[in-house]
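Engineer: Coordinates only, no sequence provided:
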């Protein structure tokens, strides 16, 4: 979907820079520490060779500068460059020498001087009008920095950050914290309108996902994200809101918060599914949402648990026998990452022992990727690890050495969990991890766990862990197996009916899927873009006359071509697993014009409530830290604005776009000019 935005405007910036200039902040002249008494003094200076200042020259320099009416700044009579009234006269002299060589031969009166090729500067102001400096340029750059770094406005209250700006230019004026907060609120409101407008043009069903977390002050938040497939068969995703869940943060409060967000964006009637985080409160909220939507007869709706969170819990049970060993290996890895000598020795040993290539820094996160890396090191580079520990025994300590029993446990668990690592890696890197593909992998995981549990050759401690893993896998299967996930799975051309899990391939699911297709997608009258499925399209057995029921049956009987779309699609063999699902449908949608509409709706249903890499990889640690430390009054606006920018929406303030590319161009221009001035000074 191509989002259209209004023509960008550059707020507070005037191209001709009249009467204000936003470039003053970038045109700060070079100031030596001695001129501002930084780190030196007039008396007792250790630099006795420095030439004493000639007081008689002071009036000579000032002769070429005029004092503004406000008495706070001086302007160069040649080029109009402004300086604070408190600027040392030595800097004025350097300005004249660098920018206007031969100034002392021009006479006392300067008339119509030829301007030097400098950066954008302030034009002459009417005599007597006080000169003003507009620092909105700098403040808007700070706004972007705060957003992309997920930092609250209170960051700017740090004393030494403000001092750093004052060191560059004592006259710099940053906005107050309250003004930054007000700007964020207005930017949030303006961009939210753009997001809402973009959703009005979505012509397919929309699926949502829920994620929950608590901040450091124990405030509960919920993020609501929506996904859909646009008409060009591109997957789209946008964060709708981050909302505070009021106390007691139960299912009822979550339900009301979800409905509020859906109504705000006017998509309540177009929701097809909701993927939650597996918590009981979320399950209760989704159940209430289904009853609410069913009561309004806006169309079918389903909710499913998060496969990634389930898989993470299953893996955690599998790692249980090696928890203490992993903790020991992690300490060793942290030392490798911290010390260059130790890491270089490790690389040399792995070369000698032919134990693979290892790239630093090694993943030492406490998530699945990091835990598996710990097992991998012991399994594949055990000799190198032991050699390094012995060489640096005084630094690392002998306790890091693993005994034979610990190595044996690692080898067994590593071999057992290798399919899990490959599965999570595939899910994380897949362009569109459809429900069908994820269920295909989860079925393989269940088979792997069952084989481990039932094997006579495995140790009891591993079989015990496998038993707990099997319970979680079965619980997930019971929740996720329904007609909606079945339809989503068979519409994945890689899965269809052949690779679908056996427990999902119920005998009557195919007939129910066919009935659903005939009811909602085979007719020439497709659902409205804005209102979803109308009440007349829902057969509830009592809202239509007997004659209408007969007429509908005859219409369906005459739609053999529509029926053939589903039959023909399922009769063909599945596409190869590496196939791009959306590209496949883009190519084949003319063959299946009605079925492709159904595919666009159901393939947007999400198997996970968050991006899998946020759960399995170290990236999730950074996200959790940002969420945990964010103050309550800044969380929704900052995180939403950041997400919207990353999704392609432009940062706007009061319906006007902030042109950051133009801001950076102006900054780059001023930087070049400042560098040129500095080089001129050195050449003198």
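Structural biologist: Nice, I can see it. Everything numeric in this text was worked out from a predicted model, so none of it was measured.
Engineer: Surely residue 223 touches residue 244?
Structural biologist: No: using CB atoms under 8 Å as the test, residue 223 is too far from residue 244 to be in contact (11.3 Å). All C-beta spots, glycine's among them, are computed from the backbone N, C-alpha and C.
Engineer: Of the two, give the one with the bigger neighbour count.
Structural biologist: Looking at residue 223 and residue 244 with other CB atoms under 10 Å, you find the greater number of neighbours at residue 223, namely 23 against 16.
Engineer: so the more buried one is in which element?
Structural biologist: Per DSSP states H and E: residue 223 is located in strand 220-229.
Engineer: Phi and psi next, for residue 607.
Structural biologist: Taking degrees, to the nearest 10, you get phi -80, psi -20 for the backbone angles of residue 607.
Engineer: Tell me who's in contact with it.
Structural biologist: For residue 607, the contact set (CB atoms under 8 Å, 6 or more residues apart in numbering) comprises 275, 304, 306-308, 433-435, 437-439.
Engineer: hmm, 7 Å instead?
Structural biologist: Listed by CB atoms under 7 Å, 6 or more residues apart in numbering, the contact partners of residue 607 are 307, 433, 435, 438.
Engineer: from these, which is closest to residue 405?
Structural biologist: residue 307 (34.7 Å; CB to CB).
Engineer: any low-confidence regions in this protein?
Structural biologist: For the chain, the stretches with pLDDT under 70 are 1-59, 102, 104-134, 524-546, 548-549, 551-563, 667-684.
Engineer: In it, where's the longest helix?
Structural biologist: Taking DSSP state H as the criterion, the chain has its longest helix at helix 404-429.
Engineer: Surely residue 633 is in a helix?
Structural biologist: No: under DSSP: H, G, I helix; E, B strand; the rest coil, residue 633 sits outside any helix and is assigned coil.
Engineer: measure it to residue 623 for me?
Structural biologist: Using CB to CB, to the nearest Å, residue 633 is found at 20 Å from residue 623.
Engineer: Of those two, which one has the most company?
Structural biologist: Using other CB under 10 Å as the criterion, residue 633 and residue 623 rank with residue 623 on top: 17 against 14.
Engineer: Quick check: which element contains that one?
Structural biologist: Applying DSSP H and E, one finds residue 623 within helix 619-629.
Engineer: Counting by contacts, list what the helix or strand just after that helix packs against.
Structural biologist: Using DSSP H and E, the helix or strand that directly follows helix 619-629 along the chain is helix 635-646. Applying 3 or more CB pairs under 7 Å, 6 or more residues apart in numbering; DSSP states H and E, one finds that helix 635-646 contacts helix 136-148, helix 177-199, strand 235-244.
Engineer: which parts of the second one are buried?
Structural biologist: Read that as helix 177-199. For helix 177-199, the neighbour count (16 or more other CB atoms under 10 Å) marks 180-181, 183-184, 187-188, 190-192, 194-195, 198-199 as buried.
Engineer: Centre of the chain to that helix, how far?
Structural biologist: Chain-centre distance of helix 177-199: 18 Å, with CA atoms, centre = their mean, to the nearest Å.
Engineer: Next: stretch 205-222.
Structural biologist: Counting by CA atoms, centre = their mean, stretch 205-222 comes out at 15 Å from the chain centroid.
Engineer: Counting neighbours, show which residues of it come out buried.
Structural biologist: 205-213, 215, 219-222.
Engineer: okay, how far is it across stretch 83-96, tip to tip?
Structural biologist: With CA to CA, to the nearest Å as the measure, stretch 83-96 spans 13 Å from end to end.
Engineer: For that stretch, which residues meet the burial criterion?
Structural biologist: Neighbour counts using 16+ other CB under 10 Å place 83, 87-96 of stretch 83-96 among the buried residues.
Engineer: Save the residues you listed as a markdown table, and put in secondary structure and distance to residue 518 too.
Structural biologist: Shown next, in a markdown table, are the buried residues of stretch 83-96 (DSSP: H, G, I helix; E, B strand; the rest coil; distance: CB to CB, whole Å):
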| residue | secondary structure | distance to residue 518 |
| --- | --- | --- |
| 83 | strand | 80 |
| 87 | coil | 82 |
| 88 | coil | 86 |
| 89 | helix | 89 |
| 90 | helix | 88 |
| 91 | helix | 83 |
| 92 | helix | 86 |
| 93 | helix | 89 |
| 94 | helix | 84 |
| 95 | helix | 82 |
| 96 | helix | 87 |
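Engineer: Next up, the contacts around the closest residue to residue 240 other than its chain neighbours.
Structural biologist: Closest residue to residue 240 apart from its sequence neighbours, by CB to CB, 6 or more residues apart in numbering: residue 224 at 4.5 Å. By CB under 7 Å, 6+ apart, the contact set of residue 224 is 208, 210, 240-241, 258, 261.
Engineer: Can you tell me which of those is nearest residue 507?
Structural biologist: Lowest distance from residue 507 to the contacts of residue 224 (CB to CB) belongs to residue 208, with 31.1 Å.
Engineer: Provide the backbone phi and psi angles at that closest one.
Structural biologist: Dihedral angles for residue 208 - degrees, to the nearest 10 - are phi -120, psi 160.
Engineer: Surely it and residue 271 touch.
Structural biologist: Yes: contact criterion CB atoms under 7 Å: residue 208 and residue 271 qualify, at 6.2 Å.
Engineer: Redo the contacts of residue 224 as JSON lines? Include distance to residue 352.
Structural biologist: Converted to JSON lines, the contacts of residue 224 look like this (distance: CB to CB, whole Å):
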{"residue": "208", "distance to residue 352": "54"}
{"residue": "210", "distance to residue 352": "51"}
{"residue": "240", "distance to residue 352": "55"}
{"residue": "241", "distance to residue 352": "56"}
{"residue": "258", "distance to residue 352": "59"}
{"residue": "261", "distance to residue 352": "59"}
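Engineer: What is the nearest of the residues you listed to residue 457?
Structural biologist: Closest approach to residue 457 among the contacts of residue 224 (CB to CB): residue 210, at 42.3 Å.
Engineer: Make sure that closest one is indeed in a helix.
Structural biologist: No: read with three-state DSSP, residue 210 is strand and lies in no helix.
Engineer: wouldn't it be in contact with residue 279 here?
Structural biologist: No: using CB under 7 Å, residue 210 makes no contact with residue 279, being 9.3 Å away.
Engineer: Could you tell me the end-to-end distance of stretch 389-399?
Structural biologist: With CA to CA as the measure, stretch 389-399 spans 9 Å from end to end.
Engineer: And it, what's buried?
Structural biologist: By 16+ other CB under 10 Å, the buried positions in stretch 389-399 come out as 389, 392, 396.
Engineer: which residues touch it?
Structural biologist: So stretch 389-399 is contacted by 332, 335, 342, 345, 400-401 (CB under 7 Å, 6+ apart).
Engineer: want to throw these into CSV with secondary structure and neighbour count?
Structural biologist: Formatted as CSV, those follow (DSSP: H, G, I helix; E, B strand; the rest coil; neighbours: other CB atoms under 10 Å):
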residue, secondary structure, neighbour count
332, helix, 25
335, helix, 19
342, helix, 19
345, helix, 17
400, helix, 18
401, coil, 15
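Engineer: what's the most distant pair in these?
Structural biologist: The span of the contacts of stretch 389-399, defined through CB to CB, is set by 345 and 401 at 15.9 Å.
Engineer: hang on, the earlier thing: CSV for the buried residues of stretch 83-96, including distance to residue 658?
Structural biologist: Below are the buried residues of stretch 83-96 laid out as CSV (distance: CB to CB, whole Å):
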residue, distance to residue 658
83, 30
87, 32
88, 37
89, 40
90, 39
91, 34
92, 36
93, 40
94, 36
95, 33
96, 38
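Engineer: what number of residues lie near residue 344?
Structural biologist: 12.
Engineer: That one sits in which helix or strand?
Structural biologist: Using DSSP H and E, residue 344 maps to helix 340-352.
Engineer: now the helix or strand where residue 259 lies against strand 235-244, angle please.
Structural biologist: For residue 259, the host element (DSSP H and E) is helix 251-264. Counting by axes from the mean of the first three to the mean of the last three CA atoms, to 10 degrees, helix 251-264 lies at 130 degrees to strand 235-244.
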